[in-house]
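> predicted coordinates and the sequence they were generated for:
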Amino acid sequence: MADNNTIKECENEKDLCKRQVRAICLHCSKNLCRIHLIEHTQLIEENVRSELNTLADKFNELSSKFNDLSISSDFLEQPFSQLEQWRRDAHNKIDEIIEKKRQEINDKIDEYKKLFTISNLEQLEKINASKKLIAELIQDTDASHQQISDLQTCIDNTENYLNSLTTHKINTISHPLIWPVDIHTQHFQAQPISSINILRDFKITYIRLDGIIRRHYVNANIFGTMNNLIRVFIQRYPLLEALARSESSSTIFTDHQPKYDFVLPAEVHGRCIRTRYSNDHKLVLISDYESIVFYETSFPLSDHNHPNILMACAFQRLSNKTPFGWPIYLNVPRTKCRGQDVQDALQNVLGNFFPLNPNTDRLLYDAYLSTSINGYTKQTKLNTILQNELDFSKTHVTLFVNIANLIVEQYEQNALI
């Protein structure tokens with residue numbers, strides 16, 4: 001017979017049970033007899049069923065919320081309201097500037113009126129004095145050669161004065177208004193957006209050092225970066241070039257393969273280089289209207305100690321200074337760069353892009369430097385500063401080249417505009 005001290009009794013909580021333990025509940029680790037094990041199991045099943053029903057009700061509630069879910073009007077309308085407010089603020093600011101400048105113009109006009117009156121009186125005094133002298137000389141019928149020469153000089157000076165009045169003007173020098181509007185979003189963060197693969201055709205204009213210009217369409221993930229786009233372009237270039245050959249009637253084709261780190265991406269706007277894209281620039285930020293240009297470079301862009309840097313160069317018609325064609329980059333010294341160095345760099349590449357000899361056809365083009373410091377722009381003819389040093393660390397410098405119309409017409413017939 002077993003010892004009573006070794007027998008485990010039922011641990012039922014509702015009533016005191018002396019029955020011998022028949023099983024252990026794995027759910028709550030209690031020792032139970034056969035009868036209370038059945039009751040305990042039924043109770044657990046009821047509790048589990050109740051919890052499951054509660055969870056099911058919550059899932060049904062969540063599902064119904066999705067049925068009624070929509071994008072809030074604040075999300076859709078607020079950014080436009082903010083943009084409209086920015087527009088009003090910008091217009092108010094412009095109105096303030098215009099009112100201030102209008103007053104400045106009125107002050108300049110008042111100042112000019114005073115100078116105009118004083119100068120005219122001075123000229124009339126000289127004319128009256130000369131008329132009096134002529135009357136005396138006519139009466140005496142005697143005049144020296146010097147007196148006649150002085151009178152003629154007075155007439156010439158007066159005519160020059162009258163002609164100069166037609167050149168007087170008050171110029172309003174305008175600068176582009178650069179008030180950036182940044183668009184930021186706050187939304188889904190669970191899935192990295194870079195993992196989403198949405199492709200888009202990017203129109204790339206590729207400008208080579210030898211003057212050949214091609215336009216290609218490169219299919220890339222819009223959530224990638226400019227670095228990704230460059231790599232895709234280089235990888236697919238042989239296929240892109242073969243496609244260009246099949247679609248073009250031009251016979252000017254050479255074996256060429258762009259190299260990574262020798263491609264400078266930039267945005268061209270209004271026939272000028274507006275900005276250089278960084279390698280981490282997000283492609284999704286590039287609009288369909290931006291003109292992407294890849295420039296082949298002669299040195300690796302990652303070499304920040306290279307003795308040369310790239311200077312932007314844009315082109316205009318010599319006759320009316322209207323921009324045309326694609327801008328390019330010139331290789332100029334990083335330090336101690338003189339105007340002569342810029343002119344040499346221009347002459348080295350100009351013949352690659354235009355049907356002229358930079359050394360013998362100098363009358364067909366001229367050039368001037370446009371330097372910007374703290375929003376102030378100054379233009380200087382290049383041939384007047386050949387011995388001057390340029391400080392690229394403090395100024396933004398662009399070279400503008402004015403080219404004769406007959407060269408422009410030949411360029412536009414052959415180049416990809």
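Sure, I can see it.
> contacts, neighbours, all on C-alpha from now
Will do.
> could I get the full set of strands for the chain?
For the chain, the strands defined by DSSP state E occupy 23-24, 31-32, 199-207, 213-221, 263-269, 272-276, 291-296, 308-317, 323-333, 337-338, 365-373, 376-381, 389-390, 396-403.
> can you name every helix or strand that the helix-or-strand element of the chain with minimal mean pLDDT contacts?
Using mean pLDDT, DSSP states H and E, the weakest-scoring helix or strand in the chain turns out to be strand 23-24, at a mean of 82. Strand 23-24 is packed against strand 31-32, with contacts defined by 3 or more C-alpha pairs under 8 Å, 6 or more residues apart in numbering; DSSP states H and E.
> follow-up on the earlier one: name the residues that touch the least confident helix or strand of the chain?
If you take C-alpha atoms under 8 Å, 6 or more residues apart in numbering as the criterion, strand 23-24 is touched by 30, 31, 32, 33, 34, 37.
> can you get me a residue count around the closest residue to the second one other than its chain neighbours?
In other words, residue 31. Residue nearest to residue 31 in three dimensions, not counting chain neighbours: residue 24, with 4.6 Å by C-alpha to C-alpha, 6 or more residues apart in numbering. By other C-alpha atoms under 10 Å, the residues close to residue 24 number 15.
> do residue 158 as well
Applying other C-alpha under 10 Å, we find 17 other residues in the vicinity of residue 158.
> would you agree it is in contact with residue 123?
Yes: between residue 158 and residue 123 a contact is recorded at 6.9 Å, counting by C-alpha atoms under 8 Å.
> just checking, what packs against the lengthiest helix in the chain?
Across the chain, the longest stretch assigned as helix under DSSP state H is helix 73-140. For helix 73-140, the packing partners by 3+ C-alpha pairs under 8 Å, 6+ apart come out as helix 145-165.
> now the helix it packs on: buried residues?
For helix 145-165, a neighbour-count test (16 or more other C-alpha atoms under 10 Å) marks 151, 154, 158 as buried.
> same thing with stretch 52-59?
Buried residues in stretch 52-59, counted by 16+ other C-alpha under 10 Å: none are found.
> for stretch 116-129, same thing?
Under 16+ other C-alpha under 10 Å, the buried positions of stretch 116-129 are 123, 127.
> one more: stretch 85-96?
Buried residues in stretch 85-96, counted by 16+ other C-alpha under 10 Å: none are found.
> same question for stretch 141-158, mean pLDDT?
The average pLDDT for stretch 141-158 rounds to 85.
> what's in contact with it?
With C-alpha under 8 Å, 6+ apart, stretch 141-158 has contacts from 123, 126, 127, 130, 137.
> what do you get for stretch 355-368?
The contact list for stretch 355-368 (C-alpha under 8 Å, 6+ apart) reads 318, 347-348, 350-351, 379-383, 399-404, 407, 410-411.
> rewinding a little: looking at the contacts of strand 23-24, spot the one nearest residue 100.
Taking C-alpha to C-alpha as the measure, residue 30 is the one of the contacts of strand 23-24 closest to residue 100, at 89.7 Å.
> I'd like to know how far the closest residue to the closest one other than its chain neighbours sits from residue 18.
Once flanking residues are discounted, residue 30 sits nearest to residue 24: 5.5 Å by C-alpha to C-alpha, 6+ apart. Distance, residue 24 to residue 18, using C-alpha to C-alpha, to the nearest Å: 16 Å.
> next one: residue 292
89 Å.
> quick check, pLDDT for the nearest residue to residue 411 once chain neighbours are set aside.
In space, residue 411 comes closest to residue 354 once its chain neighbours are excluded; the distance is 6.0 Å by C-alpha to C-alpha, 6+ apart. Note for residue 354: predicted pLDDT of 90.
> low-confidence stretches in this structure?
The chain contains residues with pLDDT under 70 at 1-6, 173-197, 246-254, 394, 415-417.
> who's residue 204 bridged to?
residue 216, residue 292 (DSSP bridges).
> residues contacting it?
215, 216, 217, 218, 291, 292, 293, 294.
> by how many degrees do the longest helix of the chain and helix 145-165 diverge?
Angle between the axes of helix 73-140 and helix 145-165 is 160 degrees (criterion: axes from the mean of the first three to the mean of the last three C-alpha atoms, to 10 degrees).
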